[in-house]
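S.K.: prediction below, plus the sequence it came from.
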Amino acid sequence: MTILEIVNQALDRLSLPNVNSLESSTDAMSIQAKALGTQIGNRISLYKEWQKQLKYFEIDIDASGGPVDEYALENIPSFENLASLRLWDTSNNYKLDQSSLDRILFNRTNNYQETYKRFVYVDDKIVFSSPYNSDVKLLLYYKSKDFVKKTDTDGNVTFDKVFVNNTDEFILEDELLIQGLVAALKKKDQLQGWEVEEADFQGLLQKYAAKDSQNFVVDFSNPWKSIRQEDNGYFFS
């Protein structure tokens, strides 16, 4: 469903008139509903690590300019948080475990070179236990902030975290956004029964979260899983 369809479904449940557009509209309800759609969408997104928001990113460590001992996560599109306890060195076919900051500092202070590197996630950076002195590729799994799917007139698809166009789609469960909008619109105007709608929204969140966890694409809870490359993608085995 498009965001326009989702908004109008919520308005139908409240017995309110539908809106014709959410784009560049001066209509108060259109403006309010679009803003609430983004707000509720973000609230749903933050509830858990939804499978549809989990992505992988290949980090290119370029040591041509000297040793590399950290990587800024701002280089990863819409990065929210790490979704795995490990990184994968696809150049040398081994896993990097997370370490403690104390261990990293010890290694740095004593110039200790580990056979198998470790890493720590701190200050929006990945810091390695010892520098890379040669080029390498690392695979990282992460949760994206994006929950909006956009398709342009040429069929090109991009993702974002804000609803803008009528045709934008919610990549998670539409029913969650519809019910969240119903609750939010009622609460904003302090209409009777908004607490019940909010409770229903919370119930749906729990229901879909449990379903999402059962039908996982990748089991990030098991750090002993190995990884293989197949058809230009990465899969656990």
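M.R.: That came through, no problem.
S.K.: which parts of whichever helix in the chain runs longest are buried?
M.R.: Taking DSSP state H as the criterion, the chain has its longest helix at helix 194-214. Within helix 194-214, the residues that count as buried by 16 or more other CB atoms under 10 Å are 194, 197-198, 201, 204-205, 208-209, 212. Where you see a C-beta, it was placed from the backbone N, CA and C, and this is true even at glycine.
S.K.: ok, stretch 65-81 next?
M.R.: Quick answer for stretch 65-81 (16+ other CB under 10 Å): 68-71, 73, 76, 79-80.
S.K.: show me those that map onto strands.
M.R.: The strands, defined by DSSP state E, take in 68-71, 79-80 from the buried residues of stretch 65-81.
S.K.: returning to what we had before: show me what the longest helix of the chain is packed up against.
M.R.: The contact analysis (3 or more CB pairs under 8 Å, 6 or more residues apart in numbering; DSSP states H and E) places helix 194-214 against helix 174-188.
S.K.: which strands and helices sit next to the helix it packs on?
M.R.: Looks like helix 174-188 contacts helix 3-13, helix 28-45, helix 194-214 (3+ CB pairs under 8 Å, 6+ apart).
S.K.: run through who's touching that helix.
M.R.: Residues from elsewhere that reach helix 174-188, judged by CB atoms under 8 Å, 6 or more residues apart in numbering: 1, 6-7, 9-11, 13-14, 16, 32-33, 36-37, 39-41, 43-44, 170, 193-194, 197-198, 200-201, 204-205, 208.
S.K.: just checking the distance from it to the centre of its chain.
M.R.: Chain-centre distance of helix 174-188: 21 Å, with CA atoms, centre = their mean, to the nearest Å.
S.K.: from the buried residues of stretch 65-81, which is closest to K149?
M.R.: The closest of the buried residues of stretch 65-81 to K149 turns out to be E80 (CB to CB; 16.8 Å).
S.K.: contact partners for that closest one?
M.R.: Shown in contact with E80 (CB under 8 Å, 6+ apart): 53, 142-145.
S.K.: how much space separates it from S45?
M.R.: Separation of E80 from S45 (CB to CB, to the nearest Å) stands at 8 Å.
S.K.: kindly report the same for L140.
M.R.: 19 Å.
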